[in-house]
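> I'll drop the sequence and a predicted model, then ask my questions.
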Amino acid sequence: MTPKTKQCINPVGRPRTVVPVDRVLLRKLRLEKGLKQADIAKAIGCCESRISQFEIGYKGGIPMELLKHIALILEVDYRDLMVEDAHTD
């Protein structure tokens, strides 16, 4: 089974893939590394509130390119942060 993804449009009009993530694991790994949401936000070039949104599941997922950056910071494979959607078509 593969994770269910959806497309969204970024500010310059290119579609990007948004994937559902294990938000509890995301937060747990961040805290284990001793990082604040602001630390990750600064490293990937977004605002702290965006990281908070990812951790609470706002908008259902994370754009794939940001997920890969976050995974690098957390020193995990990005696929480990993805969850499988039980409602696949």
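That came through fine.

> just checking, I56 touches V21?
No: I56 lies out of contact with V21 (Cβ atoms under 8 Å); the separation is 11.3 Å. Glycine gets a C-beta too; all of them are placed from N, C-alpha and C.

> who's more crowded, these two?
V21 (23 against 10; other Cβ atoms under 10 Å).

> OK, contacts around the more buried one?
54, 61-62, 67, 81-83 (Cβ atoms under 8 Å, 6 or more residues apart in numbering).

> who is it paired with across the strands?
Residues in a beta bridge with V21, per DSSP bridges, are M82.

> now K59: closest residue in space that isn't a chain neighbour?
Closest residue in space to K59, ignoring its immediate chain neighbours: Q53 at 6.6 Å, by Cβ to Cβ, 6 or more residues apart in numbering.

> count the residues that sit near that neighbour.
For Q53, the neighbour count with other Cβ under 10 Å is 16.

> where's it, which helix or strand?
Element membership of Q53, judged by DSSP states H and E, is helix 48-56.

> gap between that helix and the chain center?
9 Å (Cα atoms, centre = their mean, to the nearest Å).

> beyond that helix, next helix or strand please.
strand 62-63.
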